[in-house]
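Peer 1: Structure for the following, please:
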Amino acid sequence: MPEFTALSPGALLELIAERAAALPGYAVVGLDGADAAEPLTVARGAAELLRASGRPADVVSLHDFVRPASVRLEYDRDSEFTYRTAWFDFEAVNREVLKPLRDSGRFLPALWNEQTDRSARARIRTAAAGTVLFLVGPMLLGRGLDFDLTVALRMSEGALRRRTDPAQGFTVDGLLEFEWDRTESADILVAWDHPDRPAVQGR
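Peer 2: Residues are numbered from 1 along each chain as shown. Sure thing, here's the model as predicted:
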């Protein structure tokens with residue numbers, strides 16, 4: 001197994017942006033990370049670097065494609081199984097974001113508001129030619145989504161439990177059950193127990 005090489009947070013963003021910039025046409029980067037890893041911050045940082053270099057970039061959060069609470073919480077409000085299998089609407093992500101982006105350069109940036117449990121009422125967005133779209137959230141890999149580049153922010157069980165909001169503690173077992181093996185397939189696998197000292201496998 002390739003060893004991990006330490007690098008600075010800035011260098012990690014540069015690495016992701018560099019790999020993304022090499023992708024042709026409309027491109028989708030799947031950035032997999034538990035909420036405790038704050039993957040949106042990473043995606044936004046990499047997208048900012050791309051835009052600064054002249055490549056259009058946008059970010060979509062998986063949390064804007066949750067299923068309605070009537071589905072998410074149907075059996076148990078704190079079910080790791082439900083969180084792992086029914087919390088997020090991956091079919092809608094494919095239907096509303098990935099496929100239309102590739103077909104027409106248009107996509108829906110949000111479908112459902114997780115806080116209000118209502119439609120996000122977002123307008124369809126037209127992407128500039130060559131846009132790199134970051135799709136960001138937990139448990140993305142192994143869902144059959146069509147990514148051009150995958151990044152995984154992997155945390156150990158101890159770090160995940162320490163850094164997860166106690167109110168969301170039920171998600172940890174679901175994350176560990178789903179993600180560990182699947183992150184091995186990521187194009188860029190990042191050891192993320194210490195975000196100020198990340199390390200990348202095989203760099």
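
Peer 1: For the most centrally placed residue in the chain, grab phi and psi.
Peer 2: Against the mean C-alpha coordinate of the chain, by CA atoms, centre = their mean, the closest residue is residue 136 at 2.1 Å. Main-chain dihedrals, residue 136, degrees, to the nearest 10: phi -130, psi 130.

Peer 1: Kindly state the beta-bridge partners for it.
Peer 2: Partner residues in beta bridges with residue 136, using DSSP bridges, are residue 31, residue 61.

Peer 1: Distance-wise, check it relative to residue 42.
Peer 2: Per CB to CB, to the nearest Å, residue 136 is found 8 Å from residue 42. In short, each C-beta sits where N, CA and C put it, glycine included.

Peer 1: next one: residue 150
Peer 2: The value you get for residue 150 to residue 42, if CB to CB is used, is 13 Å.

Peer 1: Residue 160 belongs to a strand?
Peer 2: No: remark: residue 160 does not belong to a strand; assigned using DSSP: H, G, I helix; E, B strand; the rest coil, it is helix.

Peer 1: Run through the residues that contact the residue nearest to the centre of the chain.
Peer 2: When contacts are counted by CB atoms under 8 Å, 6 or more residues apart in numbering, residue 136 is found next to 31, 33, 39, 40, 42, 43, 59, 60, 61, 62.

Peer 1: Can you tell me how far the last one is from residue 164?
Peer 2: Going from residue 62 to residue 164 by CB to CB gives 16 Å.

Peer 1: and the two? which has more neighbours close in?
Peer 2: When residue 62 is set against residue 164 and neighbours are counted by other CB atoms under 10 Å, the residue ahead is residue 62, at 25 against 19.

Peer 1: part of a helix, is residue 40?
Peer 2: Yes: looking at residue 40 with three-state DSSP, it is inside a helix.

Peer 1: what's the closest non-adjacent residue to it?
Peer 2: Leaving aside its sequence neighbours, residue 40 sits nearest to residue 136 (CB to CB, 6 or more residues apart in numbering; 5.3 Å).
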